[in-house]
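Visitor: this one's structure only:
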């Protein structure tokens, strides 16, 4: 295990955990929500604004950055941190999810995934080894293995084959990672010595496949483990069941990261099932669609009902949108007029809600009051009730 | 003259003046540059960011706000200040310039300008009186009269007719303004008691027409006077000549506002000719086109030469983009990737430059060093020399 990586559980409450993860660029408190900065920017937010949110770790997308501006360029700049001017931890995904979404434009073989760029049609190949090298050049604090994510629904055979391939790729990726970290691949500049690598559990909604995936992945001794292949269309109760089952089998002394989930209620439910780390595009994507997320529901800002509404989105919210004197009527005007300011204000608001959620969860776990905290979130009345 | 309005000249240096304008929502120091917030938002910037810039007065467009969300709605909210949550001064234009730009979609008569909305084709009529009423509902600190701006080039007869009509409209607009302010038009809610109204000098590049326009407009005793009808395509030296000639004839005890100008060098030249107030879309529009303005030139951020450039836009600039660790390479990546963050960073940078310019001009005038200040600006070497 990387010497720069560490995890300690500070408190538990039922299966919920409060912890601390040590990464090359600093410590993060868990449960944590990581805003998504697909192309090395959390859409519309300055670094100061992201830092002001809780937490101060972001996710960036290997697929997008590999294509543009390219990991070679970012490597020349000294890695993502130097390139962006961002000093806190960064997690990069492996690009697998994006490549598998390019239906019709990619070919999966045992070697890896050949695909054409969505930008210019150029041909590319990602392999379990090359995504390690790309992420070494990017210099993220956490690199993810290259995995194959089965669609939902899919035949059990398809899901099983993707899980088995993910296991074989995990071994190749881990081997390459250890070689690069040991300096045995001098052609690959390591922008962040002390990078950690997380394995990914696949197996769809089949609990026995999840079991086999856990056993095979944990045997490779990654710094931590992620649950992938969920929030791809399956019913939410089934997702909770798979999360609860899988998290319980993962080592208690390593962080557990649920990839790509979800709505605030999903975070509340999955913290209760032992998840420590989350990422999701929802708070920023919904903002761009004009949705402000609130406890108990959402505000669709273009609706005529807000035309003359002088209230902030949420009177109890401390974010720059709510505390800054921006009324629902004004935000609606900005959205309808196409003024980009509203996208930023809604993004900051939504991310503030996620920050408040995980911070509240941490405090509740420390006090042994997580069940009450979760109930209050899940039973909050709708915004305009 | 409105009791809330005042102007004092603090220092002069040649024809350049340093002054202070008292408006209903506070004082502003001149020379001043007003960022343009067409639709009640300076594109992409929060109010805090605008306030952090110098100065803290913005311009909003009567034409756009009349059409959407409508001055009636803004009036119900208590005026633009309450609607936006912006507490400092606002100047609204009259909508004239926008309407006259709608070539083929508007009809000018002595009554006013009939036009179709660029948004939905609906029919509208703006008159010298109605723009007073609209601006009273908007509650700006400064309302502009409805003027007719001749195109450039145009026959002298066309320019003369537009100037004469502007004078007749100015009298109607002033009468209506005084009636509304005196409470004689109770059907028009006044969101900002103490609003001021500025007259507009027309006459194109014909100095004798400018003279007649000054004489006729000053006779109506507006709180202050603007020079309109410039920066519409005429050579810049001709513009400077007209500005110098016209400003010299305007009353020394009232602010002089040059509408819609311009590049930083234009501000430097026109302050030297006695102008106190400026507005222009250039700093924010050029930002959206990927241009960072610097002393001595500009950076076109998409150029390949910045691909690996780790420097900030301007090492001497204190703006959040330059001081915040954003390299040219990263800004270029954001621009090419279409990330809206870059638009905001470039806008803040450009507006910071304009703020530094007018602040520097004020200090130089107070010290009697304006000529040296102007020479340093105009002779600054290009950014990458």
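Guide: Perfect, thanks for sending it. All of these numbers come straight from a predicted model, not from anything done at the bench.
Visitor: C-alpha only now, for contacts and for neighbours.
Guide: OK.
Visitor: can you name the residues that contact the closest residue to residue A:272 other than its chain neighbours?
Guide: Nearest in space to residue A:272, with sequence neighbours left out and distances taken as Cα to Cα, 6 or more residues apart in numbering or on different chains, is residue A:16 at 4.7 Å. The neighbourhood of residue A:16, defined by Cα atoms under 8 Å, 6 or more residues apart in numbering or on different chains, consists of A:271, A:272, A:273, A:274, A:275, A:365, A:370.
Visitor: do the same with residue A:351
Guide: Counting by Cα under 8 Å, 6+ apart, residue A:351 makes contact with A:35, A:53, A:283, A:284.
Visitor: rerun that using 6 Å as the cut-off
Guide: Taking Cα atoms under 6 Å, 6 or more residues apart in numbering or on different chains, we find residue A:351 in contact with residue A:283.
Visitor: state the distance from it to chain B.
Guide: Here the distance between residue A:351 and chain B works out to 16 Å (Cα to the nearest Cα, to the nearest Å).
Visitor: what segments of the stretch 201-350 of chain A are helices?
Guide: Ranges of helices in the stretch 201-350 of chain A, per DSSP state H, counting those that start in this stretch, are A:207-218, A:236-249, A:264-271, A:282-288, A:320-323, A:328-337, A:341-366.
Visitor: give me the distance from the third one to the chain's centre.
Guide: Relative to the centre of its chain, helix A:264-271 is centred 14 Å away, using Cα atoms, centre = their mean, to the nearest Å.
Visitor: what does it rub up against?
Guide: A:16, A:374.
Visitor: by how many degrees do it and helix A:236-249 diverge?
Guide: Per axes from the mean of the first three to the mean of the last three Cα atoms, to 10 degrees, the angle that helix A:264-271 makes with helix A:236-249 is 30 degrees.
Visitor: which parts of chain A sit against chain B?
Guide: A:44, A:84, A:85, A:325, A:326, A:330, A:340, A:341 (Cα under 6 Å from any Cα of the partner chain).
Visitor: which stretches of the stretch 251-385 of chain A have low pLDDT?
Guide: Low-confidence segments of the stretch 251-385 of chain A, defined by pLDDT under 70, span residues A:385.
Visitor: residue of it nearest chain B, please.
Guide: Taking Cα to the nearest Cα as the measure, the point where the stretch 251-385 of chain A comes nearest chain B is residue A:341, at 4.3 Å.
Visitor: for that residue, which non-adjacent residue is closest in space?
Guide: Counting by Cα to Cα, 6+ apart, residue B:44 is the residue found nearest to residue A:341 once chain neighbours are left out, at 4.3 Å.
Visitor: what about that neighbour, neighbour count?
Guide: Residues lying near residue B:44 (other Cα atoms under 10 Å in any protein chain shown) number 26.
Visitor: chain neighbours aside, what residue packs nearest to the residue nearest to the spatial centre of chain A?
Guide: To find the centre residue of chain A, average its C-alpha atoms and take the closest one (Cα atoms, centre = their mean): that gives residue A:279, at 2.4 Å. Using Cα to Cα, 6+ apart and skipping the chain neighbours, the partner closest in space to residue A:279 is residue A:34 (4.7 Å).
Visitor: distance of the residue nearest to residue A:341 from residue A:128?
Guide: Here the distance between residue B:44 and residue A:128 works out to 40 Å (Cα to Cα, to the nearest Å).
Visitor: so the residue in the stretch 1-150 of chain A that chain B sits nearest to, which state does it fall into?
Guide: Shortest the stretch 1-150 of chain A-to-chain B distance, computed as Cα to the nearest Cα: residue-wise this is residue A:44, at 4.3 Å. Following DSSP: H, G, I helix; E, B strand; the rest coil, we place residue A:44 in the coil state.
Visitor: give me the buried subset of the contacts of residue A:16.
Guide: By neighbour count, with 16 or more other Cα atoms under 10 Å in any protein chain shown, the contacts of residue A:16 hold A:271, A:272, A:273, A:274, A:275, A:365, A:370 as buried.
Visitor: good, we can wrap up now.
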